[in-house]
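Novice: What follows is a predicted protein model with its sequence.
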Amino acid sequence: MHLLLRVLTIGSICGICAFLPRDAAALTYTEVDSFAAPTNATMMIYSPTMDALVLKNAASAIVAIDIESGEPTTRLANTRFTDMTLSPSGRYVFGADYGGENIGYGTPSSTSYVHRLDLTSMTWDLRTAYIAGNVQAVSDTQVILKSIDQWVTFTNNAWGGGTALVPLNTASGYWGPGYYASVYFGDFRYDIRTGRLLHGNAGLSSQEIQAFRIANNEFVKQEGSGIYGSAQGYGGTVVLATDGSAFYYGALQVDPLDVTHNVRVFPERIYAANGSVAHGNGKYYDAHTGLLLGALPFSTTIYAMNPSGDDFWAFDPASTTVHHFMPSSNVAMATAGGVASASSAYSAAFPVSPINNNERAGANWGNGGGWADGTLNTFPDWVQINFAGSKTIDHVVVYTVQDYWANPVEPTDTMTFTQWGLTDFTVQGWNGTAWVILGTVSGNNLVKRTVNFAAYTTDRIRINITNALGAYSRITEVEAWGQ
Ligand SMILES: [Ca+2]
Ligand SMILES: [Ca+2]
């Protein structure tokens, strides 16, 4: 008697099976590149348009790396680099070379400089500045600088043809060209979309966010969280989401259009963010809910986000390496160009085509809803998926037939089988001449079986099945996650 048909009577007992929602969308990242960092990064910038990664260390160096060639270009400060920023076009990096201040007076103790790196030629240029502690770029030829000592000043500067930056804002007497901001030292972000400057102080007693805007090149004070106000108890980092959708002051997320509006609090300080994800120390969170989404393979607080995409670089301080991560997607799907084939098929009712149709439960089993092989009690059987070109993947998920196959539900990570599932199989990748085993599963009883492995680049995978319950191999879906 054919075992695939014998189970038809089971279906009726699952009238109580309710629809179960899918697991919360788990965002995972695939590491697509990594290399040894030329220095210990305390800050990083990524310019995808120039294919460059720029590292600042805690001392006096900024090192720019041409990602394609790996060639580094090192620039040393006259005193020390305290900050750097990327111009909105992605072409220039500005480095603040801080000459120091007379403590308590807000005047320079020695000359500050701003260095400008042209990423198209990897060449540096230099201007003297009034006080260059922190820097944000308005354009390729305009920067806002901030002092560092206690009650700080801002200057708005043009990158002119002379040896010194040209102040654009009105000088305010004692403070030289600086605008006295009435805020305690900290860090700030400038948002070119709104012309607003968001400052988060490093206040030891009162933690505050203060907004300014640039109008006709002058600084105009806007709303602030207030003394011991709405931002009290937060701080430690200052982050603007790459799309300008949120501002982070430590663990606190506020509305960048109204910094007095607290949106939510994260379980830890946020060090980088785009419109959908906020990065803590290795862990990353849904920017819209605050929920933990996952963690990188290492702890870090040093990120370089793609200013307009969803990939990023992270610095691993334990190994002094940098790693490029991209959101994973299921590259096996037919809609992604995946093409499935198999060692055999039981009949036209059990074809291989549904194993990569993004339907995991196996609805319509026995009627084109999933694959079963055609060699009774004989192993191995295999299914293969050829990708649309070479992909880097780090996990494969194999879904097999659940016990109540006639009324299947979305498989969870813990759903087990006792009747028809795959018990023993390997996940293999093609290296160009042979199949390489990426992961081995034995004694499996999970309907949804995830197989993790070191990132592997290949244009095809196989699931090689060496044993299964019910005399045949049965698969409802195969996912390959990567880029
Ligand atoms: Ca399917
Ligand atoms: Ca077989």
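Specialist: Now that the structure is in, tell me what you want to look at. Ligands and ions are numbered 1, 2, ... in the order given.
Novice: Leaving out sequence neighbours, find the closest residue to the residue in the chain positioned nearest to ligand 2.
Specialist: Nearest residue of the chain to ligand 2: Thr375, at 3.5 Å (CB to the ion). Glycine gets a C-beta too; all of them are placed from N, C-alpha and C. With sequence-adjacent residues excluded and distances taken as CB to CB, 6 or more residues apart in numbering, Thr375 is closest to Ser344, at 5.6 Å.
Novice: which residues touch that neighbour?
Specialist: By CB atoms under 8 Å, 6 or more residues apart in numbering, the contact set of Ser344 is Asp373, Gly374, Thr375, Asp381.
Novice: Separate out the buried members of these.
Specialist: The neighbour-count test (16 or more other CB atoms under 10 Å) applied to these identifies Asp373, Asp381 as buried.
Novice: Throw the contacts of Ser344 into a markdown table and include distance to Ala336, pLDDT and secondary structure, thanks.
Specialist: Formatted as a markdown table, the contacts of Ser344 follow (distance: CB to CB, whole Å; pLDDT from 0 to 100; DSSP: H, G, I helix; E, B strand; the rest coil):
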| residue | distance to Ala336 | pLDDT | secondary structure |
| --- | --- | --- | --- |
| Asp373 | 25 | 98 | coil |
| Gly374 | 27 | 98 | coil |
| Thr375 | 30 | 98 | coil |
| Asp381 | 24 | 98 | strand |
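Novice: what's the span of stretch 371-384 from first residue to last?
Specialist: 12 Å (CA to CA, to the nearest Å).
Novice: any residues touching that stretch, and which ones?
Specialist: Outside stretch 371-384, the residues within contact range by CB under 8 Å, 6+ apart are 4, 340-347, 350-352, 354-355, 460-468, 471-476, 478.
Novice: List only buried entries from those.
Specialist: For those, buried by 16+ other CB under 10 Å: 4, 340, 342-346, 350-352, 354-355, 460-466, 468, 471-476, 478.
Novice: still on that earlier bit, on the three-state scheme, the residue nearest to Thr375 is what?
Specialist: At Ser344 the chain is in coil, as set by DSSP: H, G, I helix; E, B strand; the rest coil.
Novice: Could you do the one 10 residues further on as well?
Specialist: When the structure is reduced to helix, strand and coil (three-state DSSP), Pro354 reads as helix.
Novice: Disregarding residues adjacent in the polypeptide, which is nearest to it?
Specialist: Nearest to Pro354 is Gly370, by CB to CB, 6+ apart, at 5.4 Å.
Novice: Check what pLDDT that neighbour gets.
Specialist: According to the prediction, Gly370 has pLDDT 98.
Novice: Report the contact partners of it.
Specialist: Residues near Gly370 by CB under 8 Å, 6+ apart: Phe350, Pro354, Ile355, Gly362, Val401, Arg474, Ile475, Thr476, Glu477.
Novice: Dump those to CSV, plus pLDDT and distance to Asn274.
Specialist: Listed next are these as CSV, based on pLDDT from 0 to 100; distance: CB to CB, whole Å:
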residue, pLDDT, distance to Asn274
Phe350, 98, 43
Pro354, 98, 35
Ile355, 98, 33
Gly362, 97, 36
Val401, 97, 39
Arg474, 98, 40
Ile475, 98, 36
Thr476, 98, 34
Glu477, 98, 30
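Novice: what subset of these is also close to ligand 1?
Specialist: Restricting the contacts of Gly370 to those near ligand 1 by CB under 5 Å from the ion leaves Pro354, Thr476, Glu477.
Novice: my guess is the first one contacts Gly369, does it?
Specialist: Yes. Taking CB atoms under 8 Å as the contact criterion, Pro354 and Gly369 are neighbours in contact, 5.8 Å apart.
Novice: who touches both of those two?
Specialist: Gly362, Thr476.
Novice: In its sheet, which strands sit next to the lengthiest strand in the chain, and in what direction?
Specialist: Identified as the longest strand of the chain according to DSSP state E is strand 448-468. Paired with strand 448-468 in the same sheet, following DSSP bridges, are strand 381-399 (antiparallel), strand 422-430 (antiparallel).
Novice: Give the pairing partners of the next helix or strand after the shortest one; include direction for each.
Specialist: On the C-terminal side of strand 422-430, the closest following helix or strand by DSSP states H and E is strand 435-441. Based on DSSP bridges, the strands next to strand 435-441 in the sheet, each with its direction, are strand 422-430 (antiparallel).
Novice: Can you check the distance spanned by stretch 320-332, start to finish?
Specialist: 33 Å.
Novice: Report the mean per-residue pLDDT for that stretch.
Specialist: 95.
Novice: for that stretch, the distance to its chain's centre please.
Specialist: Centre-to-centre, stretch 320-332 and its host chain are 8 Å apart (CA atoms, centre = their mean, to the nearest Å).
Novice: buried set for that stretch?
Specialist: Of the residues in stretch 320-332, those buried (16+ other CB under 10 Å) are Val322, His323, His324, Phe325, Met326, Pro327, Ser328, Ser329, Asn330, Val331, Ala332.
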